[in-house]
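Novice: Sequence and predicted structure, then a few things I'm wondering about:
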Amino acid sequence: MTNKSNHMRVIQIATLGLLAATSAVAESDRARECLPVGGSILTNLAVVDANTTLGTATGDLKGAVAATILGIAPGPNGTTVFTVQHHFVTEAGDNIDVDKAEATAVMVAPDLFAVVSYPVKIVGGTGRFNGATGAIDNIGEVDLATGHTVFRYQGRVCFKAP
């Protein structure tokens, strides 16, 4: 083989590799159905224990939700950061698995916090949420005096294609 033939062979192999990689990415995108989601979450603190809320989610993630407060710490610029682990069960009985989340809040009165940043990452689940990925952003209020929370969520969830 000549040097020119070797060079052409390398270009052909590289082109085939690039086409295969592009095809795999396109196939991966086709294998997922991404949808916007939104709704609200209302919970009561100390139903299960002093650090766990229990309540309902409405909207696209309709069902039951619990959140365990793992920690409360001072945040930047006078904020308070709540580290939380959530547990979702949809009305259809599917679990939604999420990573630990951090809610950044501003105290507006003693024991009353406005939650200004609260991203939650979806990392799978059961049923329809098996293999799901996504993220929801939340804003809301935590009232430690009454034990009530209320949040508005919106985001996007990507499901495996049927």
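Specialist: Cool, the structure landed.

Novice: How far does stretch 126-141 sit from its chain's centre?
Specialist: Distance, stretch centre to chain centre, for stretch 126-141: 4 Å (CA atoms, centre = their mean, to the nearest Å).

Novice: Then stretch 120-127?
Specialist: Averaging C-alpha positions (CA atoms, centre = their mean) puts stretch 120-127 7 Å from its chain's average.

Novice: can you list contacts of that stretch?
Specialist: Stretch 120-127 is contacted by residues 86, 88, 90, 92-99, 101, 129-138, 153, 155, 157 when judged by CB atoms under 8 Å, 6 or more residues apart in numbering. C-beta here means a position set from N, CA and C on the backbone, and glycine is covered the same way.

Novice: Only the buried residues of that stretch, if you could.
Specialist: By 16 or more other CB atoms under 10 Å, the buried positions in stretch 120-127 come out as V120, I122, G125.

Novice: Repeat that for stretch 84-97.
Specialist: V84, H86, F88, V89, T90, D94, N95, I96, D97.

Novice: Tell me the bridge partners for the spatially closest residue to I41 that is not a sequence neighbour.
Specialist: Leaving out its chain neighbours, the residue that sits closest to I41 by CB to CB, 6 or more residues apart in numbering is F151, at 4.4 Å. With DSSP bridges applied, F151 shows beta-bridge pairing to I41, G140.

Novice: what's the answer for C158, then?
Specialist: Beta bridges link C158 to C34, T133, judged by DSSP bridges.

Novice: Kindly report the same for V115.
Specialist: Counting by DSSP bridges, the residues bridging with V115 are A105, G140.

Novice: I'd assumed D143 was in contact with it.
Specialist: No: applying CB atoms under 8 Å as the test, V115 and D143 come out as separate, 11.1 Å apart.

Novice: In terms of neighbours, single out the busier of these two.
Specialist: With neighbours defined as other CB atoms under 10 Å, V115 and D143 compare such that V115 has more, 21 against 15.
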